[in-house]
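>>> Okay, sequence plus prediction incoming.
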There are 2 protein chains.
Amino acid sequence: MKKKAYRLEDSLGYKLFQASRLMTNTLNRHFKKHNFLLTHEQWQILSRLYEKDGQTQNELARLNEKDEPSVSRLIDNMIKRGLIDRKAHPQDKRINLIYLTEYSKRMEKDYTALAAQTIQEAAFGVDEKELAICLKVLDKVRVNLK
Amino acid sequence: MKKKAYRLEDSLGYKLFQASRLMTNTLNRHFKKHNFLLTHEQWQILSRLYEKDGQTQNELARLNEKDEPSVSRLIDNMIKRGLIDRKAHPQDKRINLIYLTEYSKRMEKDYTALAAQTIQEAAFGVDEKELAICLKVLDKVRVNLK
DNA sequence: AAAATATACTTGTTTATGCAAGGATTCCTT
DNA sequence: AAGGAATCCTTGCATAAACAAGTATATTTT
């Protein structure tokens, strides 16, 4: 079986990259359009806190598959914007606990609706079964490379 | 039909984002491991030039779906690293033409092999038909959001 | 030919990432 | 209890992205 020549634009890597970027850019623009001062990366963090408030930076990094420096600075930015608070752990001074603010709690529904809507836009007209297969392949890619 | 509650980690957006990032990070590490001074973004540019040398920044931006400032600075970096040259268009002084260097021409096979290998790693064990469906869905997402 | 418009590119600013290296605090070992 | 290791986080440095605004050159309009 002869292998096809490599063509960037037909490759899984390129298609993944472009689709992902379009998706995150679209979400960013949606947030902006609604005057929500929020990036998709910040949304990822908030999302984790909506599931469980008061997590450590470490946990947030692991859950979102980022390194700790990234999370550290992401959190700095989110604090500046009044989205979260950083509180020292009462027993262990190494640890910071990250909490939602009243503001970000209030915004949960709006943020979530916009995220869900963006995904619907992206998947518009895609057959349910094919979408499920695509998600399965993406999971497999993640397992393969992790 | 009741809509499922939004869960970040089950969402198309999250899975796309993580799979894409794992893929590009893996490629970056592969380049680094072989002492190839190259990022995946730079590889995207080179890839276009391997198909057709001497393109304008404009074309490269359009082909890679980036904006012009990004490409402008990406190219600055690639020139520093000796991967490409920027030459003024003989007739139209607004236009820069971007050319491969002897070095990057010589490296084409190595770079390409590594990119292809990374994609094979990522797709290891994925059924051919399912992969094709996934690629089709990714194309649809790109069309939907563009 | 001068003015207005369009095109190609660059610069400025903010946000985010990856990796390496550096604190501080806690835990473990002896 | 002291020394070393582990844990959690931050800082430094380089790369890249998005958007807005600016510059230079070419083209079109009047």
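Here it is on my side, so go on. Everything numeric in this text was worked out from a predicted model, so none of it was measured.

>>> can you confirm residue A:126 is in a strand?
No - with DSSP: H, G, I helix; E, B strand; the rest coil as the criterion, residue A:126 is located in coil rather than a strand.

>>> Test my guess that it contacts residue B:140.
Yes - taking contact to mean C-beta atoms under 8 Å, the distance of 5.4 Å between residue A:126 and residue B:140 places them in contact. Backbone N, C-alpha and C define where each C-beta goes, glycine included.

>>> and the two? which has more neighbours close in?
Taking neighbours as other C-beta atoms under 10 Å in any protein chain shown, residue A:126 and residue B:140 compare with residue B:140 leading, 20 against 17.

>>> show me the contacts for the more buried one.
Contacts were defined as C-beta atoms under 8 Å, 6 or more residues apart in numbering or on different chains; by that measure residue B:140 touches A:123, A:125-126.

>>> let's go with 6 Å and repeat that
Residues touching residue B:140, when contacts are defined by C-beta atoms under 6 Å, 6 or more residues apart in numbering or on different chains, comprise residue A:126.

>>> Next: residue A:130.
If you count contacts by C-beta under 6 Å, 6+ apart, residue A:130 has them with B:133, B:137.

>>> Pull out the buried positions in whichever strand or helix holds it.
Secondary-structure assignment from DSSP states H and E places residue A:130 in helix A:128-145. For helix A:128-145, a neighbour-count test (16 or more other C-beta atoms under 10 Å in any protein chain shown) marks A:130-131, A:133-138, A:140-142, A:144-145 as buried.

>>> can you list the weak-confidence ranges in chain A?
When the per-residue scores of chain A are filtered using pLDDT under 70, the ranges that remain are A:1-4.

>>> if we go to 90?
Low-confidence regions of chain A, defined here as pLDDT under 90, cover residues A:1-10, A:146.

>>> So which residue is smack in the middle of chain A?
For chain A, residue A:44 is the residue whose C-alpha lies nearest the centre (C-alpha atoms, centre = their mean; 3.4 Å).

>>> Confirm that that residue sits in a helix.
Yes - the assignment for residue A:44 by three-state DSSP puts it in a helix.
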